[in-house]
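**Student:** need a structure here:
(one chain, ligands or ions: 1)
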Amino acid sequence: MSNTHTTPIIVSRPALGLTRWIWPGVFLVLGLIAPFVLPGDKWVRVAALALVYVALASGLNILVGLTGLLDLGFIAFFIVGAYTAAIFTVSTFGPLLAEHPAALAWVLPISIVAAILFAGVAGSIIGYPTLRARGDYLAIMTLAFGEIVRIVSINWTEFTGGAVGIRNIPPLSFSGEGVVPPTTTYYIILVVVVILVVALASLIASPVGRAWVAIREDELVASSMGIRTRRYKLLAYVVGASTAGVIGVFFAHMNQFVNPDSFTLEDNFIVLSLVILGGAGTLWGPITGAVLWIFFQAVAKDIPVIAAHPEFRTGLLALIVVVLMILRPGGLVSKRLELTRARGGTAEPDGALETPADRALPAAGAPVLRVAEVKQVFGGLTALESVSFELRHGEVLGLMGPNGAGKSTLLNAISGVTRATSGTIELEGERTERLESNAVSVRGIARTFQTVRLFWDMTVLENLLVGGHARLAGFLPRFLSPVPFVRRNERRTVEEAEAALAFVDAWDCRDRRASSLDAYQQRKVEIARALMTRPRVLLLDEPAAGLNESETRDLARLISRIREHGIDVILIEHDMDLLMGVSDRIIVLDHGVIIADGTPAEIRTDPAVLEAYLGSDAR
Ligand SMILES: Nc1ncnc2c1ncn2[C@@H]1O[C@H](COP(=O)(O)OP(=O)(O)OP(=O)(O)O)[C@@H](O)[C@H]1O
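**Tutor:** The predicted structure is shown next:
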């Protein structure tokens, strides 16, 4: 059994049945009764504005909270949505609406689709160049983008009305009435926001949401699990932007005018603060933050000192954020996101690893992986010098060499983490040396890392589901988890994940947060996650580092069992007993050159190996 010497932190089993609806139920009931309990129209308008911020904060949360992409220009997408509605209803369809105000019922959907399209395109435009940028660069680029859109809205006068803006946007009335009670507007916006939040929540508890969180936690590993990271980052921009665009349309109708002052840089920071204040990366945090802040702001307006100095409002928000970040760094709501809605079984599977039915195994001894004359140069340093070898089917190939010999560099080149300077790599006859790591993973090469790299904030099961990502997410995003066949797929993958966990003897940990596991459990989960990609070849980089003797023996048995399942293994290891015991053949690297290739017994007595390890005295 697994060794457990830490206090197990069990992430509560995903809530079943009614309990998981408590939180959304409370919000929905509050949303529905708000106009009845709020004292007067002014407060109903405040509530409607709070809903607008709920949608904005939820959209920005996809970028900042889930995917870890700081966006300081998010308000630009809101501007695009609001101006789209304004231009459509005042200029394009203005004369028609003047004659038939009820035509808004079909102009509005056109505005919404156009806003999704325009904001989505704007999202891709900002998203594309920022795909390679992170941190400071990303922040500055998005900030600049937000300003560009705002400045364009001021200066493109024939379209946007310049500084004056666009007035006389019709209210949300489908009956032709010129005046719409704030309660009606409120309920229309409530319906829109509920639809947006449900759609975003569905996306989060799907392979897409897991891919976003995986990218935030460790982009390199996410890619090694088969996630096309650039595509998912771009998708995050498009989804966030479209959300802001849609709510921008409703804001324009609610406000009945838009001008550049409707959206300032300050609004941008307010939305960002609300996400952080509420709890970035949670579903309900940004929603809570938005509602609390908008109401707090409305109340604060009546406090004399703030009424006299409205500029204090944002300063106050900044102060609240600073204090809260010290007291509660995760934000007001720190409930972990559930990244799957599928439920696992309650009985441990028998521990047999699934082999895909469509997979024809090569003949024993046939070459599976061919590495030919691979060279890797980093600046002036040649880490690998024309390395060539074959991995044959049915074998565990040991890879050893002194520190700095180039072992990890070789694994990185094979797994597509780095691109070899020259040379070829073939997996069952297919060239892979030019592929990115996600494509290499999909072709059938999985890996673990020298220091364990799990998605620490996810549960063990979620970690494994990320491993099964490529099977769950096709080109057409099969992400709408309420759709039955998608759920079936997800359930199948959960079953496979549980089988993989039972195989490595870590099924008990399936609901634990990865960060709570002990060293050996972490290693086993990392191996199970790699197995979830259904690899033909598994690359293990020093899996015994940090393990005790009995764990190392157990690991040796696990590696042999993996080979018995038809998965060929390349094993880097400094633990000689493990390496010699489990490998069928060993190659030895020194200074980026293969100096020996043979059975463990041959390697043990090879003079070149002894010299590399012990110096010239060994001869
Ligand atoms: N991204 C990089 N940029 C520059 N130099 C690198 C890079 N990656 C590795 N190197 C260098 O390449 C050489 C080989 O490193 P590598 O990590 O592959 O060795 P190793 O055999 O895995 O060693 P160890 O057993 O200590 O992990 C080292 O000199 C290392 O400093």
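**Student:** and the strands in the stretch 501-619 of the chain?
**Tutor:** Applying DSSP state E, counting those that start in this stretch to the stretch 501-619 of the chain gives strands spanning 537-541, 568-572, 585-590, 593-598.
**Student:** could I get the ones you listed in CSV, plus columns for mean neighbour count?
**Tutor:** Every C-beta, even on glycine, is put in place using the N, C-alpha and C of the backbone. Shown next, in CSV, are the strands of the stretch 501-619 of the chain (neighbours: other Cβ atoms under 10 Å):
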stretch, mean neighbour count
strand 537-541, 25
strand 568-572, 24
strand 585-590, 23
strand 593-598, 17
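**Student:** as TSV, these with distance to the ligand would be great.
**Tutor:** Conversion of the strands of the stretch 501-619 of the chain to TSV gives the following (distance: least, Cβ to the nearest ligand atom, whole Å):
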stretch	distance to the ligand
strand 537-541	8
strand 568-572	7
strand 585-590	7
strand 593-598	12
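**Student:** average model confidence for stretch 449-459?
**Tutor:** Computed over stretch 449-459, the mean pLDDT rounds to 92.
**Student:** please enumerate residues in contact with that stretch?
**Tutor:** 11, 210, 213-214, 217-218, 220-221, 336, 339, 408, 462-463, 466, 510-515, 517, 519, 522-523, 525-526, 529, 541-542, 545, 572 (Cβ atoms under 8 Å, 6 or more residues apart in numbering).
**Student:** spell out which parts of the stretch 351-500 of the chain neighbour the ligand.
**Tutor:** Residues of the stretch 351-500 of the chain lying close to the ligand (Cβ under 6 Å from any ligand atom) are 378, 381, 383, 401, 403, 404, 405, 406, 407, 408, 409, 450.
**Student:** circling back: how about the strands of the stretch 501-619 of the chain in JSON lines, adding mean pLDDT and distance to residue 68?
**Tutor:** JSON lines is the format used below for these (pLDDT from 0 to 100; distance: least, Cβ to Cβ, whole Å):
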{"stretch": "strand 537-541", "mean pLDDT": "94", "distance to residue 68": "25"}
{"stretch": "strand 568-572", "mean pLDDT": "94", "distance to residue 68": "30"}
{"stretch": "strand 585-590", "mean pLDDT": "92", "distance to residue 68": "35"}
{"stretch": "strand 593-598", "mean pLDDT": "90", "distance to residue 68": "39"}
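**Student:** out of those, which comes closest to residue 228?
**Tutor:** Nearest of the strands of the stretch 501-619 of the chain to residue 228, taken as Cβ to Cβ: strand 537-541 at 20.3 Å.
**Student:** got the angle between that closest one and strand 568-572?
**Tutor:** Orientation check (axes from the mean of the first three to the mean of the last three Cα atoms, to 10 degrees): strand 537-541 against strand 568-572 gives 10 degrees.
**Student:** for strand 537-541, packing partners?
**Tutor:** The elements that strand 537-541 packs onto, with contact taken as 3 or more Cβ pairs under 8 Å, 6 or more residues apart in numbering; DSSP states H and E, are helix 407-415, strand 445-447, helix 519-531, strand 568-572.
**Student:** repeat that with 6 Å
**Tutor:** For strand 537-541, the elements it packs on are helix 407-415, strand 445-447, strand 568-572, judged by 3 or more Cβ pairs under 6 Å, 6 or more residues apart in numbering; DSSP states H and E.
**Student:** residue ranges for the helices of the stretch 101-250 of the chain, please.
**Tutor:** 104-130, 135-155, 157-160, 182-204, 207-217, 219-224, 229-255 (DSSP state H, counting those that start in this stretch).
**Student:** so which of those comes closest to the ligand?
**Tutor:** helix 219-224 (11.7 Å; Cβ to the nearest ligand atom).
**Student:** coming back round to it: in TSV, list the strands of the stretch 501-619 of the chain along with distance to residue 164.
**Tutor:** Shown next, in TSV, are the strands of the stretch 501-619 of the chain (distance: least, Cβ to Cβ, whole Å):
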stretch	distance to residue 164
strand 537-541	63
strand 568-572	67
strand 585-590	71
strand 593-598	73
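**Student:** identify the bridge partners of the residue nearest to residue 396 when sequence neighbours are not counted.
**Tutor:** Distance criterion Cβ to Cβ, 6 or more residues apart in numbering; nearest residue to residue 396, sequence neighbours excluded, is residue 569 at 4.4 Å. Per DSSP bridges, the residues bridged to residue 569 are residue 396, residue 538.
**Student:** now the contacts of stretch 449-459: which count as buried?
**Tutor:** Applying 16 or more other Cβ atoms under 10 Å to these, the neighbour count classes 11, 210, 213-214, 217-218, 221, 339, 408, 462-463, 466, 510-514, 517, 519, 522-523, 525-526, 529, 541-542, 545, 572 as buried.
**Student:** just give me the neighbour total for residue 106.
**Tutor:** 10 (other Cβ atoms under 10 Å).
**Student:** before we move on, back to that, does the residue nearest to residue 396 touch residue 398 like I think?
**Tutor:** No. With contact defined as Cβ atoms under 6 Å, residue 569 does not count as touching residue 398 (9.1 Å).
**Student:** list the residues that contact both of these two?
**Tutor:** Common neighbours of residue 569 and residue 398 (criterion: Cβ atoms under 6 Å, 6 or more residues apart in numbering): none identified.
**Student:** run the chain-centre distance for stretch 217-231.
**Tutor:** Computed by Cα atoms, centre = their mean, to the nearest Å, the chain-centroid distance of stretch 217-231 equals 8 Å.
**Student:** just the CA atoms of that stretch, as PDB, please.
**Tutor:** Coordinates of each C-alpha in stretch 217-231 appear next as PDB, following Å, rounded to 0.1, in the frame of the first residue of the first chain:
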ATOM      1  CA  GLU A 217      -0.300  26.300 -13.000                       C
ATOM      2  CA  ASP A 218       2.400  25.000 -15.300                       C
ATOM      3  CA  GLU A 219       2.300  25.800 -19.000                       C
ATOM      4  CA  LEU A 220       5.200  23.500 -20.000                       C
ATOM      5  CA  VAL A 221       3.600  20.500 -18.300                       C
ATOM      6  CA  ALA A 222       0.200  21.400 -19.700                       C
ATOM      7  CA  SER A 223       1.700  21.200 -23.200                       C
ATOM      8  CA  SER A 224       3.400  17.900 -22.400                       C
ATOM      9  CA  MET A 225      -0.100  16.500 -21.500                       C
ATOM     10  CA  GLY A 226      -1.200  17.300 -25.100                       C
ATOM     11  CA  ILE A 227      -2.900  20.600 -24.400                       C
ATOM     12  CA  ARG A 228      -2.400  23.100 -27.300                       C
ATOM     13  CA  THR A 229      -1.600  25.900 -25.000                       C
ATOM     14  CA  ARG A 230      -1.700  28.700 -27.500                       C
ATOM     15  CA  ARG A 231      -5.100  27.700 -28.700                       C
END
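**Student:** if we can go back for a sec, list the contacts of the residue nearest to residue 396.
**Tutor:** 396, 538, 563.
**Student:** go again using 10 Å as the cut-off
**Tutor:** Listed by Cβ atoms under 10 Å, 6 or more residues apart in numbering, the contact set of residue 569 reads 391, 395-398, 535, 537-540, 559-560, 562-563, 582-584.
**Student:** from those residues, list just the buried residues.
**Tutor:** 391, 395-398, 535, 537-540, 559, 562-563, 582-583.
**Student:** what is the neighbour count of residue 247?
**Tutor:** A count of nearby residues for residue 247, using other Cβ under 10 Å, gives 29.
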